[in-house]
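Engineer: Pasting a predicted model and its sequence here:
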Amino acid sequence: MRVEVILSPGEFERHDLSGQTAIVIDVFRFTTTVLTALEAGLERFYPVADLEDAWALKAGNPNYLLAGERQALPIPGFDFGNSPLEHYGQRYAGGELVCSTTNGTRAIHAAKDAAEVVLACLRSADAVAKYVRELGRDVAILPAGLGGTYSLEDTWCAGLIIHSLEAAELGDGAKTALLVYEGIKCDELANTVHGMRLQSLGLHDDLDFCLETNRSSGVVIWDPTTGWGALTR
């Protein structure tokens, strides 16, 4: 198994993901929120990059629930924002979520040519590592970043997954992510650019929740053919 990390979203299009398992990471907060929402009982989710697409899907099926953010703030008229704490402790009897966020949903679509697309966050890092290790394919990890640029927290999460994978071969980006993981403590991620943004908005509880590691055994898979994703285990 070979593992590579594409450190910046600006480089996504330069990589051929065919035949590989792609892991998309958006710690603050999309992949954390989707995992939490599905574990609370929502059946599946549909990520879109643009708000117009979300509203069009809602018009076609009023039962769809809309969730998302722009610049970390809730979108007026949407059912949910992008906070995992909106879903944590809830017990939904199904439901379908259409999502649009600043970074995470774009990163998912950038991985559409992979053999399989897995969502990961700090809470599910070990579970994701176990899942992709069992698949045995080469792995490309796509940190969603922040506004199209590098983000420390997503790269750190990639390093945590790599540490658990014990991969036979690491690309330069994967080696970099592993060094980031080994050299920085998890609680320091609260003071990244994105972490400080959440703090400035008073979202300290969201931040604490997103920084909890390996609390979930859930693995979220997105199917680019149908556009829907769901919890697989």
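Structural biologist: Structure received.
Engineer: pretty sure Asn158 is touching Ile25, no?
Structural biologist: In this structure residue 158 is Ala, not Asn. Yes: the criterion here is CB atoms under 8 Å, and Ala158 meets it with Ile25 at 6.0 Å. C-betas here are computed from N, CA, C, even on glycine.
Engineer: so what sits against both of those two?
Structural biologist: Common neighbours of Ala158 and Ile25 (criterion: CB atoms under 8 Å, 6 or more residues apart in numbering): Ile141, Pro143.
Engineer: can I get the CA coordinates of stretch 39-48 in CSV?
Structural biologist: The C-alpha atoms that make up stretch 39-48 are tabulated as CSV, following Å, rounded to 0.1, in the frame of the first residue of the first chain:
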residue,chain,number,x,y,z
GLU,A,39,-24.6,8.4,13.9
ALA,A,40,-27.6,10.2,15.3
GLY,A,41,-29.9,8.5,12.7
LEU,A,42,-29.9,10.5,9.6
GLU,A,43,-29.9,8.1,6.7
ARG,A,44,-27.7,9.7,4.1
PHE,A,45,-26.2,13.0,2.9
TYR,A,46,-25.7,14.7,-0.5
PRO,A,47,-22.8,17.2,-0.7
VAL,A,48,-23.1,20.1,-3.2
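Engineer: mind listing what's buried in that stretch?
Structural biologist: The neighbour-count check on stretch 39-48 (16 or more other CB atoms under 10 Å) flags Glu39, Ala40, Leu42, Arg44, Phe45, Tyr46, Pro47, Val48 as buried.
Engineer: Give me the residues contacting that stretch.
Structural biologist: Outside stretch 39-48, the residues that touch it by CB under 8 Å, 6+ apart are 34, 37-38, 54, 57, 64-65, 67, 87-101, 104-105, 108-109, 216, 218, 222, 227-231.
Engineer: Narrow these to those in helices?
Structural biologist: Using DSSP state H, the subset of those located in helices is Val34, Ala37, Leu38, Ala54, Leu57, Gly104, Thr105, Ile108, His109.
Engineer: List just the nearest of these to Gly77.
Structural biologist: Ala54 (9.8 Å; CB to CB).
Engineer: which ones are touching the closest one?
Structural biologist: If a contact means CB under 8 Å, 6+ apart, then Ala54 has Val48, Leu66, Gly68, Phe78, Val98, Cys99, Ser100 as its contacts.
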